[in-house]
Structures are given as structure tokens and as C-alpha cells.
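> how would this look folded up:
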Amino acid sequence: MHIEGRNSVLEALYANKKIDAIYLQENLKFDDIENLAKKKNVKIIRLAKNEITTMCKTPKPQGVLAKVEDYEYFSIDEIISDDGIIVLLDSIEDPHNLGSIIRTCECAGVQGVVIPKHRSASINETVYKTSAGAVNHVKVAKVGSINDTIDYLKQKGYFVFATAMDGQLVSQSNVSGKIGIVIGNEGNGVHRLTQQKCDGTLKIQMYGQLNSLNASVACGIILFQILEQRNNLI
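Predicted coordinates:
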């Protein structure tokens, strides 16, 4: 698998990810990447622009890619914490959305992200690049069933919210302690049976004519409203 783009490769180096080699486009300067790679004894290979473009799987790779092992997913137990937030993704199929959500989760200090094995984007080159390297810092678990995972988290003391247009505003909800947030599919939202498994629902206050947001945007707004509410409760 490849990590493509300057920021993604830099973050992989900072995270001490196992990198077989870094490929850099000839005649371009990458002092930050080269200096860090040398410190970590990572091989650097210079290639012509057309060779880099041929190897890459994403547009605009910025003349840099790293060859790495496939992403190693975490178990659900490895992301459970005493007082944190876990984000569960209900069939997010667009890898750009998955990457953006992971980036947002890293910025929000989320403990981990859960994705299902089926009907979901997996971590690939596009997700790495869209996340700007946040994949290296966020624990992602891949599970057989989101519904079964919700049950398991509840057994572990989590209060799990689904996001829904008819939910309760974050400002009116108790979002302290161990919580899970379910973000729904780009088109259909959270599945009905999944929503029924949850302890409650949350919504974003809307002011325009449209009644929905892109999944990654909605996730970001919800998470930072939760963080603001939790800070107010301290």
C-alpha cells in the first residue's frame, strides 16, 4: 500500500510507521521529508514525474509517496477508555468522507473510530491522503457488526447516541462520561435498527432550507459541540 502526499508521508514518519521506501519526484525539494527519513534510516528513491504519477492511486500526489504495509486495524477493546468518545460509522462508503472524519476525530481527541467490515470504505490511499496523515494517530477498529458493537459498548458503560434530524440538541443533552456517537450513511443516515439500539439521539440546529449535511461536516460539528458542552460541565 502507498501513502501519498507530503503531509501524509511526514505524519507517517513522525508516527514511526514502518516504511519500506519513500519515492520523491526529481527536481523537487523535500528537505523536511528527506531529513526525517535519514534520521529514521528510511530509504529514499528519486524518480521522474511520470514514474511517480504512474505509481500513485490518488490525484495530485505532490511528487511524493511512501510504500508501507497495509493498515493494521485495532480491536474494539484497544480503543475503549475511561472517559472518552468513540465514533461509530454506519456504512460510510466514500473514502474521502472516511478520511475527513478521521482527520476531524484526531483534532477532536476522539479515542477511536469504528467501521463495519461490509458496506463501508476501508483505509486505503485515498483515506490516508484525505486525512492528511491523521490515520497514523487515530485508532480505527473494523468490526463485523455496528449493532453488536453498540451492545458491547453499552455493556462497558458507554452511553451511545445516534445522529438524527429529530434528535435532541447537544446543548440539551448529557454528553459527559463515556459516549459513542453513530454517524450515518451519506444518503440514508443511521439505519433504523441501529438507531433503536442507541440510548439517545443528537441533532445539529439547522437554519437554512436544506435539512442535511455532508457526513464528515456533520461529524465535525457534533464532535466540537460535544466538546464545548463537556467543557461547560466541568
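> could you use CA atoms for every contact and neighbour count after this?
Noted.
> burial of N35, as a residue count?
Other residues lying near N35 total 11 when counted by other Cα atoms under 10 Å.
> what mean pLDDT does the helix or strand harbouring it have?
N35 is located in helix 31-39, with elements delineated by DSSP states H and E. In this model, helix 31-39 has an average pLDDT of 94.
> which of the residues in that helix are buried?
Using 16 or more other Cα atoms under 10 Å as the test for burial, helix 31-39 gives 33-34, 37.
> and the next helix or strand after that helix, which strands flank it?
Taking DSSP H and E as the definition, the helix or strand that follows helix 31-39 towards the C-terminus is strand 44-47. For strand 44-47, the pairing partners within the sheet under DSSP bridges are strand 19-25 (parallel).
> now do the buried residues in the partner strand.
Of the residues in strand 19-25, those buried under the neighbour-count criterion (16+ other Cα under 10 Å) are 19, 21-25.
> closest one to Y152 out of these, please.
The shortest gap between Y152 and any of the buried residues of strand 19-25 belongs to I19, at 34.7 Å (Cα to Cα).
> pull the contacting residues for the nearest residue to that closest one once chain neighbours are set aside.
In space, not counting the residues next to it along the chain, I19 is nearest to V68; the distance is 4.8 Å by Cα to Cα, 6 or more residues apart in numbering. Residues counted as contacts of V68 (Cα atoms under 8 Å, 6 or more residues apart in numbering) are 1-3, 17-21.
> from K129, how far off is V68?
Using Cα to Cα, to the nearest Å, one obtains 14 Å as the distance from V68 to K129.
> what does the helix holding N35 contact?
When contacts are defined by Cα under 8 Å, 6+ apart, helix 31-39 is touched by residues 6, 9-10, 13, 43-44.
> who wins on neighbours among the residues you listed?
Counting neighbours by other Cα under 10 Å, V9 comes out on top of the contacts of helix 31-39 with 27 neighbours.
> so what does the residue nearest the centre of the chain look like in phi/psi?
When Cα atoms, centre = their mean is applied to the chain, the residue found nearest the centroid is I102 (1.6 Å). I102 has phi and psi values of phi -60, psi -40 when expressed as degrees, to the nearest 10.
> how about it, what does it touch?
Counting by Cα under 8 Å, 6+ apart, I102 makes contact with 113, 131, 134-135, 138.
> how about 10 Å then?
With contacts taken as Cα atoms under 10 Å, 6 or more residues apart in numbering, I102 has the following neighbours: 87, 96, 108, 110, 112-113, 127-128, 130-140, 216, 219-220.
> show the pLDDT at it.
I102 carries a pLDDT score of 96 in this model.
> helix or strand for A218, which one?
Assigning secondary structure by DSSP H and E places A218 in helix 215-233.
> would you mind listing the buried residues in whichever strand in the chain runs longest?
Across the chain, the strand with the greatest residue count (assigned by DSSP state E) is strand 159-169. By neighbour count, and taking 16+ other Cα under 10 Å as the criterion, the buried residues in strand 159-169 are 159-164, 168.
> from the residues you listed, which two are the most distant?
When the buried residues of strand 159-169 are compared pair by pair using Cα to Cα, the two farthest from each other are F159 and A164, 15.9 Å apart.
> still on that earlier bit, what lines up beside the longest strand of the chain in the sheet?
Strand 159-169 has these partner strands in its sheet, going by DSSP bridges: strand 179-183 (parallel), strand 200-203 (parallel).
> out of these, flag the one nearest T194.
Of these, nearest to T194 by Cα to Cα is strand 179-183, at 8.7 Å.
> those helices in this structure, which residues are they?
Taking DSSP state H, the helices of the chain run over residues 6-14, 31-39, 49-55, 95-107, 125-130, 146-155, 192-197, 215-233.
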